[in-house]
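Visitor: got a structure for you, letters missing:
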């Protein structure tokens, strides 16, 4: 779950800081903070698995980038050809999202 260049996402970073604090102190307060942050991350992952929002966002990006790439390669395409390409990309997006409904959560 790391970002660009191996950097941790903010929630991952804060969880690691809380873990380090708890490992160094083993205090109940630091344990509670670690438990709360871990609970939030588990909740985020569960919500993401239920909604598949990250996959839907990736499919949306692919749809847009495919259309942009077509326009870049075909700057003189007719409006009709552009419409066909957009419809094709949107249909692929819709099919990919529909397929997610059949994907098991875990």
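Guide: Done, it's in. These numbers come from a predicted model, not from an experiment.
Visitor: per-residue confidence for residue 23?
Guide: Per-residue pLDDT puts residue 23 at 87.
Visitor: next secondary structure after the longest helix belonging to the chain?
Guide: Using DSSP state H to define each element, the chain has its longest helix at helix 28-51. With elements assigned by DSSP states H and E, the helix or strand that comes after helix 28-51 is helix 53-73.
Visitor: enumerate every residue touching the spatially most central residue of the chain.
Guide: The residue lying closest to the centre of the chain (Cα atoms, centre = their mean) is residue 54, at 2.8 Å. By Cβ atoms under 8 Å, 6 or more residues apart in numbering, the residues touching residue 54 are residue 48. For every residue, glycine as well, the C-beta is placed using N, CA and C.
Visitor: can we start the residue count at 336 from this point?
Guide: That works, and once the first residue is 336, the last one we named lands at residue 389.
Visitor: any idea how far residue 379 is from it?
Guide: Taking Cβ to Cβ, to the nearest Å as the measure, residue 389 falls 10 Å from residue 379.
Visitor: what about the residue nearest to the centre of the chain, distance to residue 395?
Guide: Taking Cβ to Cβ, one finds residue 389 at 11 Å from residue 395.
Visitor: same check, this time on residue 356
Guide: As defined by Cβ to Cβ, residue 356 lies at a distance of 38 Å from residue 395.
Visitor: who has more neighbours, the two?
Guide: Legend: neighbour count by other Cβ atoms under 10 Å for residue 356 and residue 395, higher for residue 356 (16 against 13).
Visitor: so which strand or helix has the more buried one?
Guide: helix 345-360.
Visitor: which other residues reach that helix?
Guide: 336-337, 343, 365-366, 368-369, 372-373, 375-376, 379.
Visitor: check the residues you listed and tell me the two furthest apart.
Guide: Maximum pairwise distance among the contacts of helix 345-360 (Cβ to Cβ): 25.3 Å, between 337 and 366.
Visitor: neighbour count winner among these two?
Guide: residue 366 (14 against 10).
Visitor: distance of that one from residue 359?
Guide: Using Cβ to Cβ, one gets 12 Å for the distance from residue 366 to residue 359.
Visitor: cool, residue 353 as well?
Guide: 11 Å.
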